[in-house]
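Chemist: Pasted the sequence and its predicted model underneath.
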Amino acid sequence: MKIDLSGRVVLITGSSRGIGRAAALLFAEHGADLALNYRENTQAAESLLVELKKYPVRARIYRADVADEHAVGRMIEHIVTDFGRLDVLVNNAGIWKEAAIVTMTSPELDEMIDVNLKSIFYCCRAAVPHLAQRGGSIINIASTAGQRGEAFHSHYAATKGAIISLTKSLAPELVGDKIRVNCVAPGWVNTDMSAEELALPDAQRHLRLIPLGRPASPDEIAGAIVFLASDWATFITGEILNVNGGAVLCG
Ligand code: NAD
């Protein structure tokens, strides 16, 4: 069976670059129509639309801050009006910032929780009634940081750990709506988010902890996302799919 997502509408948050962008291109390659969320870089989002023109799919961009529950609600209503349906939600948008616990400010903590975690509650809350119309799929992007912790990024790691338990909670909760809920937990990935850290002279200390010896490409994460959305994964829900080069071996 080839993966065929034609006719299905996929919303990807934070899709103008990195993993979100790679996922958008791979979903399009497999026939899905795309609702592409971005926060502020309209030029990058429009350039993705241009790149998507090589595929016979519908794609539109939606500017919204996913940390703003009202903006999320409006965006999802617009998507359903434009496409007539919603089948897959990929909660990908996120930020990664450094802060030691003793100097972390409350605004820094709030921003991390709002963008990385509350946004997923907002998106799921608004999307579930639409996903439930025909059955659908939610894919949350966590991180190895949520499994092993991350010094000087405790607020980031805590949001990612919470995404894992959120996934495990929503999977049984939404089974009656025929919505599968899964999570992809990447390790280091070569994107703008990690570029500065992986360019540091001591970046080898990160790479030494990866048995496969390198960071992932965004395409390698996108492959896991598209798989979980596909009909190859119809019996998978509540799963944490580790795509980390063997760095953290847990479920
Ligand atoms: P990235 O920084 O390239 O992309 C993140 C995207 O999210 C950006 O387009 C950004 O504009 C968007 N975004 C941020 N805040 C937003 C908001 N409030 N509203 C809407 N969009 C917003 O990083 P990436 O590596 O592609 O990260 C994608 C996901 O993968 C994130 O959730 C990240 O935590 C996770 N992840 C990344 C790595 C890594 O090493 N790069 C590792 C593990 C997990």
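Modeler: Received it, and whenever you're ready, just let me know what you need. Numbering: from 1, shown residues only.
Chemist: how near is the residue nearest the centre of the chain to the ligand?
Modeler: Nearest to the geometric centre of the chain sits N92, at 2.0 Å (CA atoms, centre = their mean). Using CB to the nearest ligand atom, to the nearest Å, N92 is found at 5 Å from the ligand. For glycine as for every other residue, the C-beta is placed from the backbone atoms N, C-alpha and C.
Chemist: Make 35 the starting number, not 1.
Modeler: With 35 as the first residue, the last one maps to N126.
Chemist: Am I right that that residue is in contact with S49?
Modeler: Yes: applying CB atoms under 8 Å, one finds N126 in contact with S49, separated by 6.8 Å.
Chemist: Spit out the residues that contact those two alike.
Modeler: Common contacts of N126 and S49, defined by CB atoms under 8 Å, 6 or more residues apart in numbering, comprise A57.
Chemist: quick one on the thing from earlier: tell me the contacts of the residue nearest to the centre of the chain?
Modeler: Counting by CB under 8 Å, 6+ apart, N126 has contacts 46-49, 53-54, 57, 175, 259.
Chemist: Recalculate using a threshold of 10 Å.
Modeler: Going by CB atoms under 10 Å, 6 or more residues apart in numbering, N126 touches 45-49, 52-58, 71, 100, 154, 173-175, 218, 255-256, 259.
Chemist: all strands for this structure, in order.
Modeler: Listed in chain order, the strands of the chain (DSSP state E) span residues 43-46, 67-72, 93-97, 122-125, 170-175, 213-220, 274-277.
Chemist: Might you enumerate the residues of the stretch 85-234 of the chain proximal to the ligand?
Modeler: With CB under 6 Å from any ligand atom as the criterion, the stretch 85-234 of the chain comes near the ligand at residues 99-101, 126-130, 149, 175, 177, 220, 222-223, 225-228.
Chemist: again, only this time at 5 Å
Modeler: Residues of the stretch 85-234 of the chain found near the ligand (CB under 5 Å from any ligand atom) are 99-101, 126-128, 149, 175, 177, 220, 222-223, 225-228.
Chemist: hmm, which two among these are most spread apart?
Modeler: D99 and W222 (26.3 Å; CB to CB).
Chemist: Tell me which of the two has more neighbours.
Modeler: W222 (22 against 18; other CB atoms under 10 Å).
Chemist: pLDDT score for the nearest residue to that one once chain neighbours are set aside?
Modeler: Of all residues not flanking W222 in the chain, P249 sits nearest, at 3.9 Å (CB to CB, 6 or more residues apart in numbering). As predicted, P249 sits at a pLDDT of 98.
Chemist: again with the one 5 residues further on
Modeler: Here the pLDDT value assigned to E254 is 98.
Chemist: wait, isn't it in contact with A56?
Modeler: Yes: with contact defined as CB atoms under 10 Å, E254 and A56 form a contacting pair (8.6 Å).
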